[in-house]
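Asks: I would like to see how this sequence folds:
(one chain, ligands or ions: 1)
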Amino acid sequence: MLRKVDFVDITLTQLSDFISSLTMNERKYYPVPLVDVLAYSIYIRGYWDNDVLLGVGGVTHRYLFAFGQYPIVKEEYWGKGWGTKILGDAIAWIRNNNIPFTIFQYDSNNGASRRMHEKLGYNNDYRIGKHWVYNYVPFCWWARLLTPVMKLFIYVFHVTHKRG
Ligand SMILES: CC(C)(COP(=O)(O)OP(=O)(O)OC[C@H]1O[C@@H](n2cnc3c(N)ncnc32)[C@H](O)[C@@H]1OP(=O)(O)O)[C@@H](O)C(=O)NCCC(=O)NCCS
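Replies: Below you'll find the predicted structure:
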């Protein structure tokens, strides 16, 4: 069965062109593989400055939960609050779709991403390996109870499923 993807303010062609347009700097901490984005996303939203697509936000999904979000902003728009808005919208989308919990994952060297998460109140992170920082964010009571188990699950999941 095909998975439904919620495309908001963006078409598949626009997404593909946007990803192709990303520079090395914009891909430095997250290479944004189109195949993986399409394989795992359940929500993809475009952000516009008139007719310029300045950023994209998305949510990837595994089993019951939102495995990650990927706010991406074109470099000329960095530092203006777009990343935080995009991430905030992705979290709102996750909540509104009754997904029980999410995991934020980012490269520990990605200072802008860390700051963006902090600005939204997510700094309760833990680290796996040399690079990856995670936040486990439960949205319902039973997901809160599962936290320690999920940390172990996430670790196993991460080392066995690198993509997405
Ligand atoms: C991460 C990203 C989305 C942030 O977008 P943005 O529009 O610049 O985000 P915001 O303006 O909302 O916030 C960025 C914050 O990080 C801060 N920042 C920028 N570079 C930083 C660095 N190297 N170290 C610490 N903080 C940094 C900014 O000053 C700003 O904080 P402030 O509002 O307190 O001044 C953007 O850098 C990006 O698209 N990067 C490439 C793709 C990527 O790595 N995505 C993240 C995947 S998890």
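Asks: And the pLDDT for the residue most central in space within the chain?
Replies: For the chain, Gln69 is the residue whose C-alpha lies nearest the centre (C-alpha atoms, centre = their mean; 1.0 Å). We note a pLDDT of 90 for Gln69 in this prediction.
Asks: And for Gly164?
Replies: Value for Gly164, per-residue pLDDT: 43.
Asks: Val5 too?
Replies: 90.
Asks: about what we covered before: ok, the residue nearest to the residue nearest to the centre of the chain when sequence neighbours are not counted - contacts?
Replies: Excluding the flanking residues, the one nearest Gln69 by C-beta to C-beta, 6 or more residues apart in numbering is Ala90, at 4.3 Å. For the C-beta atoms, the positions are set from N, CA and C on the backbone; glycine is no exception. By C-beta atoms under 8 Å, 6 or more residues apart in numbering, Ala90 lies in contact with Tyr43, Arg45, Gly57, Gly58, Val59, Gln69, Pro71.
Asks: and Tyr139, what does it touch?
Replies: Careful, residue 139 is Phe; it's not Tyr. With C-beta under 8 Å, 6+ apart, Phe139 has these contacts: Ile94, Arg95, Ile99, Pro100, Phe101, Thr102.
Asks: switch the cut-off to 6 Å
Replies: The contact partners of Phe139, by C-beta atoms under 6 Å, 6 or more residues apart in numbering, come to Arg95, Pro100, Phe101.
Asks: From these, list just the buried residues.
Replies: Pro100, Phe101 (16 or more other C-beta atoms under 10 Å).
Asks: tell me which residues in the longest strand anywhere in the chain are buried?
Replies: If you go by DSSP state E, the chain has its longest strand at strand 52-62. Of the residues in strand 52-62, Leu53, Leu54, Gly55, Val56, Gly57, Gly58, Val59, Thr60, His61 count as buried by neighbour count, 16+ other C-beta under 10 Å.
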